[in-house]
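Chemist: Sequence first, predicted model second:
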Amino acid sequence: MLYAIYCKDKPNHLQTRLDNRPAHVEYLKKFAGQHVCTGPLLSDDGQGMVGSLLVMEFADRKAAEDFAANDPYAKAGLFQSVTITPFRKVFPQA
């Protein structure tokens with residue numbers, strides 16, 4: 001099943017994001033076949049990163065929760081909130 005994982009950074013935690021980005025990217029690579037759409041959420045001016053959005057395939061909600069909890073960003077305390085929601089992809093059609 002697909003899950004959308006929506007993460008908002010804590011205010012003034014850009015340095016935490018930057019410091020942990022290499023470990024975060026390496027972690028994501030371990031799940032390469034499961035990504036539908038993954039990337040940072042941006043500030044209104046499009047210049048700053050303020051969170052993350054990941055749409056990924058997981059066997060179940062627990063697997064999605066485990067993935068989110070073990071993300072180096074989460075372990076570093078970057079996120080103010082994390083929401084995990086089942087998702088159905090409609091477009092583009094395969």
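Modeler: Arrived safely, thanks for sending. It should be emphasised that the depicted structure is a prediction, and the values quoted were computed from it without experimental measurement.

Chemist: what's the spacing between Met49 and His24?
Modeler: Computed as C-beta to C-beta, to the nearest Å, the Met49 to His24 distance reads 11 Å. (Each C-beta comes from the backbone N, C-alpha and C, glycine too.)

Chemist: The two: which is more packed in?
Modeler: His24 (19 against 15; other C-beta atoms under 10 Å).

Chemist: I'd like the distance between the more buried one and Gly51.
Modeler: Counting by C-beta to C-beta, the gap from His24 to Gly51 is 13 Å.

Chemist: How about Ser43?
Modeler: Distance from Ser43 to Gly51, by C-beta to C-beta: 10 Å.

Chemist: Neighbour count for those two, which is higher?
Modeler: When neighbours are counted by other C-beta under 10 Å, Gly51 comes out ahead of the other of Ser43 and Gly51, with 20 against 12.

Chemist: all strands for the protein, in order.
Modeler: Here the chain has its strands, by DSSP state E, at 2-9, 35-42, 49-57, 79-87.

Chemist: So what are the sheet partners of the last one and their directions?
Modeler: Its sheet considered, strand 79-87 pairs with strand 2-9 (antiparallel) by DSSP bridges.

Chemist: chain center to the longest helix seen in the chain: distance?
Modeler: Looking only at the chain and at elements set by DSSP state H, the helix with the highest residue count is helix 14-29. From the chain centre to the centre of helix 14-29 is a distance of 11 Å (C-alpha atoms, centre = their mean, to the nearest Å).
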